[in-house]
Structures are given as structure tokens and as C-alpha cells.
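Visitor: Please work out how this folds:
(one chain, ligands or ions: 1)
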Amino acid sequence: MKIAVISDIHGNLEALNAVLSKIDALNAYMIYCLGDIVGYGPNPNECVELIRSRNIPTIAGNHDKAVTGELSIESFSQVARVGVLWTQSVITAENKKFLNDLPYSIQEHNILFVHSSPDYPEEFRYLLSPEDARESFDYFSNPLTFVGHTHRPVVFCEDNRTIEISLDKKFIVNVGSVGQPRDGNWKACFVLFDTEQYKLEYIRVEYDVEVVRKKIETIGLPQKLADRLLVGM
Ligand code: ZN
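Guide: A predicted model of the protein is given here:
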């Protein structure tokens, strides 16, 4: 059974539509979303409504919780703050309630789904290196945890060496970002995972970046948010 795991959409409707079309074409049995549906991008309501309309199980991201006011934006970068404040000014009450009700983790198919890290997911730690990930392995008993948050696709294994996903070791898989990749590749990123064969595939999808850039500029959001989409940074 194939499942698709998406994360960090950040109000980028064009990227989300492209990814969902690709997932539909691949006949995935289910889609999971690891959070940050909103923040930075120009279409927060449309993205939340698309996720809601398709009943996609979704985890709370730090930007989702910042927009609802549950998380302080004190530690956010300048452009992230501007994005949160603008999103707060346009998000509908119904969509805000949906974000407010999102859980910090889901366990299904013997997999843990979180936004940031298996240890204290509500603290939104960044797992950027094997060292960052090391202590996280003590906090889940499943063989596999899917994370997002850093916008960088990467697989961490508890023994720091293995690259093939197997049932006898634990793995943390960062699925990358749909709406704002930061690995130097502008294409939207997601993971397709076969829960029986234990096969993991990263899939990149092209979308119309220019349309999103123009929307960001028209709204008057920081130029950096438009330009970074072109280079995936
Ligand atoms: Zn994010």
C-alpha cells in the first residue's frame, strides 16, 4: 500500500495543486500532511480548504500554531513574522479553528508522523544533522518517523550508516517541502512510501513559480519570499 507524505506547504497553492495531481496519478492510498499549511505564501485559506476538503490527516506545524496565536513569533525570522502577521489578517475563523485543532502527532501503519522531531514535537526542534537527530531515536518505538520543518529532504538512521530502509532499524525521514524547498531545488517535494515493501521514494514536481511570485509581490509580502522560490532556498 502506497502512502504519500507532504509537508510545509506554506500557502503555496500552485505547488500544492501540482503535488496533489501527481499523487492522484500515482494512485496513493492515503495522503498525510506534516503541517505548516500556512505562513510565508499568498494562499493560506485556499491551501487549508484543499487539505480539509480531501480529509487529509494533518499535524500542527509551528507556523500553523503561530497564526492561531498559540505560539509566540518571538523566535521567528523577520520574513516569517511578516508572513504570520499577514496570514492572521486574512485567515477565516473556520480555517483558524481547523489549524487550532491540529494534533502534534499521529501514529498509523506503524509509523509516527510529526512536524519537527519525535521528542517533544510541540517544541519544534530542527533536525538538521545526524547529531541533531541522535537523541530523537529514543523517543519512538516504531521503525519509522516522518518529519518536515527544515524543508530539506534527508533520511537519518540510528546507526548513522545504513541508507536502505529496513524493519530492524529506526529511521527518521524528512519529506522535504511542498511550498518552499530549501535544498537548492525549486521543485515541490514529497515522499511516496510503500508500507509493505518498505520502499521510499522522493518525488519532485514542477509548478508555475512565476504565478506565486507575482501574488507575493502584489500582496506586498517581502521580496525575499518571492525570490527564494526560484532557487529553492
Ligand atoms: Zn515550514
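Visitor: pLDDT score for the residue in the chain sticking out farthest from the centre?
Guide: In the chain, the greatest distance from the average C-alpha position (Cα atoms, centre = their mean) is reached by Asp168, at 26.6 Å. In the predicted model, Asp168 carries a pLDDT score of 84.
Visitor: gap between it and the ion?
Guide: For Asp168, the distance to the ion (Cβ to the ion, to the nearest Å) stands at 32 Å. For the C-beta atoms, the positions are set from N, CA and C on the backbone; glycine is no exception.
Visitor: Please tell me how far the spatially closest residue to that residue that is not a sequence neighbour sits from the ion.
Guide: For Asp168, the nearest residue in space outside its immediate sequence neighbours is Pro143; the separation is 7.9 Å by Cβ to Cβ, 6 or more residues apart in numbering. Applying Cβ to the ion, the value for Pro143 to the ion is 25 Å.
Visitor: Run a quick neighbour tally on Pro143.
Guide: By other Cβ atoms under 10 Å, the residues close to Pro143 number 17.
Visitor: from memory it sits against Lys170, does it?
Guide: Yes - look at Pro143 against Lys170 with Cβ atoms under 8 Å: they come within range, at 5.7 Å.
Visitor: can you give me the strands in the chain?
Guide: Taking DSSP state E as the test, the strands found in the chain are 2-6, 30-33, 105-108, 111-114, 144-147, 154-157, 171-174, 188-194, 199-205.
Visitor: Dump the ones you listed to CSV, plus mean neighbour count, mean pLDDT and distance to Gly61.
Guide: Supplementary listing: the strands of the chain in CSV, determined by neighbours: other Cβ atoms under 10 Å; pLDDT from 0 to 100; distance: least, Cβ to Cβ, whole Å:
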stretch, mean neighbour count, mean pLDDT, distance to Gly61
strand 2-6, 23, 97, 12
strand 30-33, 22, 98, 9
strand 105-108, 15, 96, 12
strand 111-114, 25, 97, 10
strand 144-147, 26, 96, 11
strand 154-157, 19, 93, 18
strand 171-174, 24, 96, 13
strand 188-194, 23, 97, 15
strand 199-205, 15, 95, 20
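Visitor: Could I get those strands in a markdown table, plus columns for distance to Gly69?
Guide: Compiled in a markdown table, the strands of the chain are given as follows (distance: least, Cβ to Cβ, whole Å):
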| stretch | distance to Gly69 |
| --- | --- |
| strand 2-6 | 25 |
| strand 30-33 | 21 |
| strand 105-108 | 21 |
| strand 111-114 | 22 |
| strand 144-147 | 24 |
| strand 154-157 | 31 |
| strand 171-174 | 27 |
| strand 188-194 | 29 |
| strand 199-205 | 33 |
